[in-house]
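Asks: pasting the sequence and the predicted coordinates here, then a few questions.
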Amino acid sequence: MSKTSWVASGSSEVVSGKTDLALGWIKRNRETFIGSAAMLLAVALFAVYFFMHYRDLGDAAWKNLFIAQQMGYGGDTTRAQDQLSAIEASFAGTSAAPYAVMTKGDMLFAQGKYAEAGTEYSKILSSKDLAPFAIYSLGKCKEAAGDMAGAQAQYADFLSKNPEHFMAPEVRASLARAQELSGNKDLAKTTYEKIVLLYPGTSWAARAQAKLEGKSNKGV
């Protein structure tokens, strides 16, 4: 017998021996084997059910969010806010829930209900996708309510956490405005200078430069 044939034969015997041992164990522990197999099947079925159920919940949440937004845009803000609250309560574990909260906050802000809007924004300050928007929006709520110190704190928090965010120029402009309105002329001047330095050639830089030169500009 060649070496190759011996190896092949030996491998077959090993596999056959292991198979016999496995079958023997199953025969001796039939109930245990059946119970374990049933448990594994149940776990697999539950995993499939959970995935499908969660996906269905997510689809329903986004559909309801779209309907609520259309209500709001159509002027039916009361029903829209009720719908958004229902999404937050019934679909809390879905990705649509934070967006429902954000939308509700935006609607309340547009109605001049700054404290209520701020409460909504505060709920999603740790949201992976919406935290920067929530921080800035909360700052705008505080500014609109006359809390300039609070507004400055929110704007500064945004910039420390999201210095490269696409909204950073706007947030710096808001910070400068809040500093100016609170009487901190020197701080406002420094912030305007940063805008000119950091965003050259942009409309934000042009507006900041106009402020530095003492020109009136309603956009800042």
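Replies: Alright, I've got the coordinates.
Asks: the helix or strand that contains residue 175 packs against which elements?
Replies: In the assignment (DSSP states H and E), residue 175 maps to helix 168-181. Contact analysis of helix 168-181 by 3 or more C-beta pairs under 8 Å, 6 or more residues apart in numbering; DSSP states H and E lists helix 131-144, helix 148-161, helix 185-198, helix 203-212 as its packing neighbours. For every residue, glycine as well, the C-beta is placed using N, CA and C.
Asks: make it 6 Å
Replies: Applying 3 or more C-beta pairs under 6 Å, 6 or more residues apart in numbering; DSSP states H and E, one finds that helix 168-181 contacts helix 148-161, helix 185-198.
Asks: packing partners for the last one?
Replies: In this case it means helix 185-198. helix 168-181, helix 203-212.
Asks: what does the helix holding residue 175 contact?
Replies: Under the criterion C-beta atoms under 6 Å, 6 or more residues apart in numbering, residues 136, 143, 148, 151-152, 155, 158-159, 187-188, 191-192, 195, 199, 204, 220 lie in contact with helix 168-181.
Asks: quick one, that helix and helix 203-212 angle?
Replies: Per axes from the mean of the first three to the mean of the last three C-alpha atoms, to 10 degrees, the angle that helix 168-181 makes with helix 203-212 is 20 degrees.
Asks: buried residues in helix 168-181?
Replies: For helix 168-181, burial by neighbour count (16 or more other C-beta atoms under 10 Å) applies to 168, 169, 171, 172, 173, 174, 175, 176, 177, 178, 179, 180.
Asks: how's this structure carved up into domains?
Replies: 36-124, 125-220 (automatic domain parsing).
Asks: with mean pLDDT added, can I get those in JSON lines?
Replies: JSON lines is the format used below for those (pLDDT from 0 to 100):
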{"stretch": "domain 36-124", "mean pLDDT": "81"}
{"stretch": "domain 125-220", "mean pLDDT": "93"}
